[in-house]
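1. Quick one, structure for this:
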Amino acid sequence: MLGIAIGMAVMILSVAVVVGFKKEIREKVIGFGGHVRVTNYDANASYETQPIAFPADLREQISQTRHVRTVSEFATKPGIVKTDDDFQGVVVKGVGADFAWDFFAQNLLSGEVPAYRNDTTVNEVLLSKVLSDKMRLKTGDSFLTYFVQDKVRVRKFKVSGIYSTGFKEYDNAFILADIHHVQKLNGWKENEVSGLEVNIDDYAHLDNCAEDIYFLCGNRFDENGAAYYVQTIREVSPEIFNWLDLLDMNVWVILVLMISVAGFNMLSGLLILILEKANMIGVLKSMGAQNYSIRKIFLYQSAFLVLRGMFWGNVVGLSLCLLQKVFGVVALDAEVYYLSVVPIHLTFVHWLLLNVGTFVISVLMMVVPSYMVAKITPARSMRFD
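-> Have a look, this model is predicted:
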């Protein structure tokens with residue numbers, strides 16, 4: 001029972017931590033890039049992108065696609081932030097009035113998210129804490145950003161708010177600004193952007209939604225003859241998602257080890273139980289009991305012990321998960337793990353599959369040793385007196 005309880009608690013914690021970790025990291029990456037991106041097919045891999053125009057009917061069709069929650073335009077351009085004390089290379093990500101600020105609002109440390117409009121250009125920007133600390137800027141401060149092109153251009157921005165996601169690679173690079181600045185710097189038309197970011201209601205629908213958008217944009221060209229290119233966030237940042245997929249292997253290893261330990265504990269326990277009750281088995285057989293009936297007695301008793309062990313394992317595992325979820329007892333180095341505390345996320349489906357799987361496998365492992373009952377005869381059972 002103790003072995004099963006410990007194994008159950010470890011499995012619950014392992015699944016909750018890994019699922020929580022993948023969910024948190026995935027949401028951070030999606031927060032910076034959306035679930036699906038539609039860009040210029042000829043665009044290179046740098047942040048100095050090629051423009052593409054979206055007609056109103058195409059954008060409306062994308063927004064009405066199944067599971068699509070928001071559709072927003074964006075444009076990126078590399079620049080250099082310069083203050084009296086320091087300078088830093090950045091990527092200015094221009095967004096418009098339709099941008100979904102939910103992710104950045106949740107990670108806002110001070111100030112507020114900018115309010116951009118379609119009919120005017122706003123100089124307020126959202127800055128990360130990493131950049132604000134390096135450049136010694138705070139909410140309300142102004143700074144200059146230089147853009148190196150045919151002729152060096154400069155823009156003066158004002159810090160509207162400061163955010164921190166813990167994802168240093170992105171926090172160290174991105175400044176969120178009005179998309180009109182990027183369009184004017186690049187000499188683009190008002191309807192030309194780097195692309196569209198599409199956010200959906202559930203990550204599980206990512207592939208199906210991307211396929212639907214691909215069929216809308218495939219073999220279609222904008223007013224300048226540029227082709228549309230549809231990518232999921234997994235394709236935009238494959239190295240991060242491949243790394244997250246490797247975590248699944250760790251979970252499976254832990255689950256197999258814990259279930260194996262719990263199963264072999266019960267297997268050895270059942271063998272001992274049968275040997276201890278050999279005399280009782282002989283008496284029952286002498287009174288006409290069948291092997292199948294006696295086996296059921298031991299299997300029912302073993303299943304009862306498994307359920308008791310699983311109950312206490314659930315109590316311990318779920319309590320530890322709740323404790324970490326509410327109080328964040330176990331901390332992490334954000335520079336290494338991108339998170340400040342160990343994340344916890346356990347759905348009812350995961351919990352149910354863990355419990356049902358553990359119970360079924362444990363009981364099945366006890367079926368074979370239960371056949372030892374057939375080897376015990378009333379005459380042999382006398383030796384166990």
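
2. C-alpha only now, for contacts and for neighbours.
-> Noted.

3. Hmm, N191 is touching F54, no?
-> Yes - assessed by CA atoms under 8 Å, N191 is found in contact with F54 at 7.0 Å.

4. Which parts of the protein are helices?
-> 2-33, 56-63, 102-106, 129-135, 168-171, 179-186, 206-217, 233-236, 238-276, 278-286, 291-327, 334-337, 348-370, 378-381 (DSSP state H).

5. Ok, which of these comes nearest D86?
-> Comparison of the helices of the chain against D86 by CA to CA identifies helix 129-135 as nearest, at 6.0 Å.

6. what's the closest one in contact with?
-> By CA atoms under 8 Å, 6 or more residues apart in numbering, the residues outside helix 129-135 that reach it are 83, 85-88, 138, 162-164, 168, 171-173.

7. Quickly name whichever of those is closest to T120.
-> Out of the contacts of helix 129-135, the member with the shortest distance to T120 (by CA to CA) is I162, at 22.8 Å.

8. State the distance from the closest one to I12.
-> 36 Å (CA to CA, to the nearest Å).

9. for S237, same thing?
-> 29 Å.

10. So between these two, which is more surrounded?
-> I12 (23 against 13; other CA atoms under 10 Å).

11. For the more buried one, give its distance to G357.
-> 12 Å.

12. Which secondary structure element of this structure has the lowest mean pLDDT?
-> Ranked by mean pLDDT, DSSP states H and E, the weakest helix or strand in the chain is helix 378-381, scoring a mean of 62.

13. I'd guessed V122 sits against A97; true?
-> No - with contact defined as CA under 8 Å, V122 does not reach A97; the gap is 10.7 Å.

14. tally of neighbours for the spatially closest residue to F241 that is not a sequence neighbour?
-> Spatial nearest neighbour of F241, chain neighbours left out: R234 (6.1 Å); criterion: CA to CA, 6 or more residues apart in numbering. The tally of other residues near R234 (other CA under 10 Å) stands at 18.

15. ditto for the one 5 residues further on
-> Summarising burial for E239: neighbours were counted as other CA under 10 Å, giving 11.

16. you'd agree A331 is up against Y338?
-> No - counting by CA under 8 Å, A331 does not reach Y338; the two are 11.5 Å apart.

17. The two: who's more crowded?
-> Neighbours around A331 and Y338, counted as other CA under 10 Å, are more numerous at Y338. The numbers are 18 against 12.

18. thinking again about what came up before, and the pLDDT at the residue nearest to F241?
-> R234 is assigned 93 on the pLDDT scale.

19. quick one: it from Y116, how far?
-> The value you get for R234 to Y116, if CA to CA is used, is 29 Å.

20. cool, and I272?
-> Separation of I272 from Y116 (CA to CA): 73 Å.

21. And L196, by the same measure?
-> 17 Å.

22. Over to Q290?
-> On the measure of CA to CA, Q290 and Y116 end up 81 Å apart.

23. Can you pick out the residue with more neighbours from those two?
-> Y116 (21 against 13).

24. Now do the contacts for that one.
-> 96-97, 122, 178.

25. repeat that with 10 Å
-> 95-99, 122-125, 177-180 (CA atoms under 10 Å, 6 or more residues apart in numbering).

26. Equivalent analysis for D86, please.
-> 134-136 are the contacts of D86 under CA under 10 Å, 6+ apart.

27. Stretch 50-58 spans what distance, first to last residue?
-> Using CA to CA, the distance between the terminal residues of stretch 50-58 is 19 Å.

28. Give me the contacts around that stretch.
-> So stretch 50-58 is contacted by 38-44, 60, 63-64, 73, 75-76, 183, 186, 188-196, 213, 216-217, 220-228 (CA under 10 Å, 6+ apart).

29. Swap in 7 Å and give it another go.
-> 39-40, 43, 191-195, 222-223, 226 (CA atoms under 7 Å, 6 or more residues apart in numbering).

30. Please produce JSON lines containing these, extended by neighbour count and distance to N107.
-> As requested, the contacts of stretch 50-58 are exported to JSON lines (neighbours: other CA atoms under 10 Å; distance: CA to CA, whole Å):
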{"residue": "T39", "neighbour count": "26", "distance to N107": "27"}
{"residue": "N40", "neighbour count": "23", "distance to N107": "30"}
{"residue": "A43", "neighbour count": "16", "distance to N107": "30"}
{"residue": "N191", "neighbour count": "13", "distance to N107": "30"}
{"residue": "E192", "neighbour count": "19", "distance to N107": "30"}
{"residue": "V193", "neighbour count": "27", "distance to N107": "26"}
{"residue": "S194", "neighbour count": "27", "distance to N107": "25"}
{"residue": "G195", "neighbour count": "24", "distance to N107": "24"}
{"residue": "D222", "neighbour count": "16", "distance to N107": "36"}
{"residue": "E223", "neighbour count": "10", "distance to N107": "38"}
{"residue": "A226", "neighbour count": "18", "distance to N107": "36"}
